[in-house]
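K.L.:
Requesting a structural model of the entry that follows:
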Amino acid sequence: MSAPTELHISKLDAAKRQLEVAIRLYFAWGDPVAIHTLAAAAFNVLIDINNHRGGKGPPIRENYLDWIKPEYLADAKKKLKEAENFFKHADRDPDSTLPFRPQTTEFVLFDGVELYFGLTQELSPLLHTFRAWWLIQHKHLLKPDAPESVRKVLTGSTFDSSSRTGFFQEILPVVSQVDVS
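P.N.:
Sure thing, here's the model as predicted:
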């Protein structure tokens, strides 16, 4: 198979492809910097599209930040952009280092998945698999008044963070056979 000489890709498709590659890397324990950079690039494209279309309500980021317990909120907001900017730019701080916490990437990925869904009303099996994983792993962050649909997904889920590759291998084939749009 040879590489295509030219691709015609929409901004939405580019963002979806970036999210899907980031998700595959995430579940395979790939390079955390590459995963974060792809996830942030996709999110920024999606937020720009959302804003261009009139915003259709507040950004998804604000929606899930609203579900987070107050004691976690300030740290979540601060951490969302820090690594993204560090990995993209060196104009002001070419010799600096960053104490990067790869777990913050999970928030950026989730935000991108939710924003993509809000714009398209579709979730590919990869996006749906990550969405389920994120909700299971972060159920402790949710307020008691988080939507019932979110709480229902979490009931009985027992996957721990060290089993994400196993979760991916088990859940992706199941989700791939179901219409999740």
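K.L.:
Ranking helices and strands of the chain by mean pLDDT, which lands last?
P.N.:
helix 148-154 (a mean of 67; mean pLDDT, DSSP states H and E).
K.L.:
what's the following helix or strand after that one?
P.N.:
helix 164-176 (DSSP states H and E).
K.L.:
pull the CA atoms of that next one into PDB?
P.N.:
The C-alpha coordinates for helix 164-176 follow below in PDB (Å, rounded to 0.1, in the frame of the first residue of the first chain):
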ATOM      1  CA  ARG A 164      -6.500   0.400  30.800                       C
ATOM      2  CA  THR A 165      -5.000  -1.700  28.000                       C
ATOM      3  CA  GLY A 166      -7.200  -4.600  29.100                       C
ATOM      4  CA  PHE A 167     -10.200  -2.300  29.200                       C
ATOM      5  CA  PHE A 168      -9.500  -1.100  25.700                       C
ATOM      6  CA  GLN A 169      -9.000  -4.700  24.400                       C
ATOM      7  CA  GLU A 170     -12.200  -5.800  26.100                       C
ATOM      8  CA  ILE A 171     -14.500  -2.900  25.400                       C
ATOM      9  CA  LEU A 172     -13.500  -1.600  21.900                       C
ATOM     10  CA  PRO A 173     -14.800  -4.800  20.100                       C
ATOM     11  CA  VAL A 174     -18.100  -4.600  22.000                       C
ATOM     12  CA  VAL A 175     -18.600  -0.900  21.300                       C
ATOM     13  CA  SER A 176     -17.600  -1.500  17.600                       C
END
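K.L.:
tell me what it is packed against?
P.N.:
For helix 164-176, the elements it packs on are helix 11-27, helix 125-137, judged by 3 or more C-beta pairs under 8 Å, 6 or more residues apart in numbering; DSSP states H and E. Placement of C-beta: from N, CA and C, glycine included.
K.L.:
Now mean neighbour count and distance to A42 too, for those, in CSV please.
P.N.:
Listed next are the helices and strands packed on helix 164-176 as CSV, based on neighbours: other C-beta atoms under 10 Å; distance: least, C-beta to C-beta, whole Å:
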stretch, mean neighbour count, distance to A42
helix 11-27, 20, 4
helix 125-137, 21, 11
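K.L.:
Just send those back as TSV, with mean pLDDT and distance to L172 too.
P.N.:
TSV is the format used below for the helices and strands packed on helix 164-176 (pLDDT from 0 to 100; distance: least, C-beta to C-beta, whole Å):
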stretch	mean pLDDT	distance to L172
helix 11-27	98	8
helix 125-137	89	5
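K.L.:
For P173, find the nearest of those helices.
P.N.:
helix 125-137 (8.5 Å; C-beta to C-beta).
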